[in-house]
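Asks: starting from these lines, generate the structure:
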Amino acid sequence: MPVVRHDGCDLHYDIAGQGPTLVFASGLGGTATWWKREVALYSQHYRCLTFDQRGTGRSSHVQVHSVEQMAADLVAILDHAGLPSAHLVGHSTGGAIGLAMALDHPGRIASLVIQSSTSHGDAYRRRLFEIRRNLHAISAQDYARFSTLLLYPPYIINARDEALAAEEAASAAALGPPAVQGSRLDAILAFDRRADMHRLRLPVRVIVADDDILTPRYFAEQLVQHIPGAEAAFTPRGGHALSRSEPAVFDALVMPFLAKVTAT
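Replies: Residues are numbered from 1 along each chain as shown. Below is the predicted model of the structure:
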C-alpha cells in the first residue's frame, strides 16, 4: 500500500497486474475498495491503480477544496508510481476527477470512461446533497442508508438487503467527519468545466443507466454534447451503482472501449 504526501494529505494507493495503466477512480465514497471486483478481473490485462481520495479511507481525512485539487492528487500518485500516463475509468466524482485531469494536465490521461457523472451542479443535485449533509450531521449510519437508496434501484435493494446492510456499515465506518464529507459535496457541486470541454482531444465514453436518480441521464447527454467525439452508452437499468448492480452490463460497455484505445 504505497503512500504519497501531496498538498497536506497522505494519499494511499494500490497497483495490481501488468499491462497498460488503468486507473479506477471512485465516486463520492472515494475509496479504492469500490473497485475490488474490477481490479480482480481487469488486472488480468491491465496495470490497475486504485486510490483513496483525500478525505476518505486510508488517506488523510482533510477537507477538499475542489475537484481540480483531487485531480492534482492523482497526478502526484502517478508521478510517485513512475507512470507517465493512464487510461481512466471514473465513477461519478471519479469521472469529474478524470475530466479535470484531462483538461488541466494534458497528456496524463490517454482515454476516459465517465460513468454516472455530472456536467455541473444544479438545483436537483443541491437538494439531494443538502439532505445528505444534514443526515451525516445526525448519523453516519443514516447517511449510508440513504446513500444505498441513491446508489441502487429497488430491484437490487430487494434482492440484496442483507449484503447491502453490511456494505452500509462499512461505508459509515469509512466516512470522514461531517465537515470533511461536506467539503467533498461542495467540491462536486461547484465543479463545472463545460466551457472548457471543447478543448479535450482524447477518446471518451460516457455511460449512464436510465434509472440513475443520483446523476440522471441528462447530465451524460450534456457531457456528450460538450466533449468532441465522445461516445454515449446508455443502458436501461442498474442505477447509479451500475458496476455493482449489473456488472456484466458494465463490463460490456467498458471492456471493448478499453481494448480499442489500448490496441495501438
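Asks: quick one: the helices in the stretch 51-200 of the chain, in order.
Replies: Assigned by DSSP state H, counting those that start in this stretch, the stretch 51-200 of the chain shows helices spanning 67-81, 93-104, 123-138, 140-151, 154-159, 161-174, 178-190.
Asks: wait, doesn't Glu167 sit right on Thr148?
Replies: Yes. Using Cβ atoms under 8 Å, Glu167 makes contact with Thr148 at a distance of 7.4 Å. For the C-beta atoms, the positions are set from N, CA and C on the backbone; glycine is no exception.
Asks: for Asp186, see how far away Ile227 is.
Replies: Distance, Ile227 to Asp186, using Cβ to Cβ, to the nearest Å: 24 Å.
Asks: check Leu41 too.
Replies: Taking Cβ to Cβ, one finds Leu41 at 34 Å from Asp186.
Asks: how about Ser92?
Replies: Distance from Ser92 to Asp186, by Cβ to Cβ: 15 Å.
Asks: between these two, which has more neighbouring residues?
Replies: Taking neighbours as other Cβ atoms under 10 Å, Ser92 and Asp186 compare with Ser92 leading, 26 against 17.
Asks: let me know the pLDDT of the more buried one.
Replies: With respect to pLDDT, Ser92 has a value of 98.
Asks: try the one 10 residues further on
Replies: On the pLDDT scale, Ala102 is placed at 98.
Asks: correct me, but it touches Leu202?
Replies: Yes. If you go by Cβ under 8 Å, Ala102 and Leu202 touch, sitting 6.0 Å apart.
Asks: joint contacts of these two?
Replies: Ile109, Leu112 (Cβ atoms under 8 Å, 6 or more residues apart in numbering).
Asks: dump the residue contacts of the closest residue to Gly176 other than its chain neighbours.
Replies: Of all residues not flanking Gly176 in the chain, His61 sits nearest, at 4.1 Å (Cβ to Cβ, 6 or more residues apart in numbering). By Cβ under 8 Å, 6+ apart, His61 lies in contact with Gly55, Gly176, Pro177, Val180.
Asks: the first one and Val62 touch, don't they?
Replies: Spelled out, that is Gly55. Yes. Gly55 lies in contact with Val62 (Cβ under 8 Å); the separation is 6.1 Å.
Asks: what is in contact with the two at once?
Replies: With Cβ under 8 Å, 6+ apart as the test, Gly55 and Val62 both reach Val180.
Asks: distance of Ala174 from Glu167?
Replies: 11 Å.
Asks: helix, strand, or coil at Glu38?
Replies: For Glu38, the assignment made with DSSP: H, G, I helix; E, B strand; the rest coil gives helix.
Asks: so what's the residue count around it?
Replies: Applying other Cβ under 10 Å, I find that Glu38 has 22 neighbouring residues.
Asks: show the pLDDT at it.
Replies: pLDDT, Glu38: 98.
Asks: so it touches Leu49, yeah?
Replies: No. Glu38 is beyond contact range of Leu49, at 11.7 Å (criterion: Cβ under 8 Å).
Asks: residues of stretch 217-227 that come out buried?
Replies: For stretch 217-227, a neighbour-count test (16 or more other Cβ atoms under 10 Å) marks Phe219, Ala220, Gln222, Leu223, Val224, His226, Ile227 as buried.
Asks: so which residues make contact with it?
Replies: By Cβ under 8 Å, 6+ apart, stretch 217-227 touches 114, 116-120, 194, 197-198, 200, 204, 206-208, 210, 230-232, 234.
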